[in-house]
Structure formats: C-alpha cells, structure tokens
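>>> Sequence and predicted model, in that order:
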Amino acid sequence: MENIIFTAFDIFNFGLVVFFWWFTLKNYKSLPKRIPVHFDFDGKADHFGSKRSSFLTPMLGTVLYFFFLGAVRHPQTINFPIEITDHNSSMQFLIVKIFIRWLFFLTMLIFMNGQDYMFRYSFDDTVKPKVPLPASVLAVIGSMIAVFILIAQFT
C-alpha cells in the first residue's frame, strides 16, 4: 500500500512539472518582450528581463524534481536531526520520503504561483498574486515543524 501511495504522489508531482512547462509554453507567445523577473516586498516589479526568462523557473522545477527524486530513492543520504538506528530507520525513512514529496509539491506551487503572477503582471501592474508569498512560506515552515514533531514521536 505504501508503494502505491508513493507512486501516485510521484506521478502527481511529475504531472505538476509537466503542467508547469505546458503553462509556460502556452503563455510564452503572448508575453511582451520585457517581463518582470523580480518583485519587491510590496509585490511591485523591480527587475525586468526578456521573455526567455520565463523558462528559468520551469527548468529549476525540473532540476529540483530529479534532485528530490534522488533524495527519495536514497533516504540514507539525507541528514537527519536524530541518530538513525536499526530500530528507528524504517519509520524515519518513511517520514522523510513523505516529507520530501510534500516539500516538492509545495515548492512547485510556489513556483507556479510566482510564474502566474509574473505573466499576469506583464500585462497589468495592478494585479496581486493569487497566493501571497508569506502564506506560501508559512506553509513550508509549518510542514517542517510538523515533520520534526513526527520525527520526535518516533525516536
């Protein structure tokens, strides 16, 4: 059962990467020559680049997908906050396999939200991001706290 859930999660995460590329390619032709590539804390564009810059985050997402996939396939290479023993290794590896997949999912959502905002801002500088960045960061931090609590429960 565990492998079926992990396989479904991996397929879903790969689907996010494919969707991210599709979204970028679909919108590429309609982008102006200069697009915002960086935003200040208030959400105003403070750096601009060519529309080819829109491929940076999908490429980064793809690289992260394979990096996270490698980490999931070899959990013993990850730095754990506790000592891994024969007694606790299976539970700790299970927790980290779930967390790595979840962390990639959140990271891709942050990337896609930023990409969507960048594309919409290219045409209208009064738009707001669909999910504010602080909320996204809090979701990642909250997930990390939850994992550390889980790890502490199974030491």
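Looks like it came in fine. Numbers count the residues shown, from 1 in each chain.

>>> use CA for all of it now, contacts and neighbours both
Will do.

>>> Please, which helix or strand holds M108?
In this structure, M108 is located in helix 89-123 according to DSSP states H and E.

>>> who does that helix touch, helix- and strand-wise?
The criterion is 3 or more CA pairs under 8 Å, 6 or more residues apart in numbering; DSSP states H and E, and the helices and strands that helix 89-123 contacts are helix 2-28, strand 34-39, helix 56-73, helix 133-153.

>>> Just the buried residues of stretch 21-33, please?
By 16 or more other CA atoms under 10 Å, the buried positions in stretch 21-33 come out as 21, 24, 28, 31.

>>> Reformat those residues as a markdown table; add pLDDT and distance to G142.
A markdown table is the format used below for these (pLDDT from 0 to 100; distance: CA to CA, whole Å):
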| residue | pLDDT | distance to G142 |
| --- | --- | --- |
| W21 | 97 | 28 |
| T24 | 96 | 29 |
| Y28 | 95 | 34 |
| L31 | 94 | 35 |
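
>>> mind giving me TSV with those residues and columns for distance to M108?
Output for these, formatted as TSV (distance: CA to CA, whole Å):
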residue	distance to M108
W21	11
T24	13
Y28	19
L31	22
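
>>> give me the low-pLDDT residue ranges for this structure?
Scanning the chain with the threshold set as pLDDT under 70 gives 1, 151, 154-155.

>>> Which of the three states applies to T85?
Here T85 is recorded as coil under DSSP: H, G, I helix; E, B strand; the rest coil.
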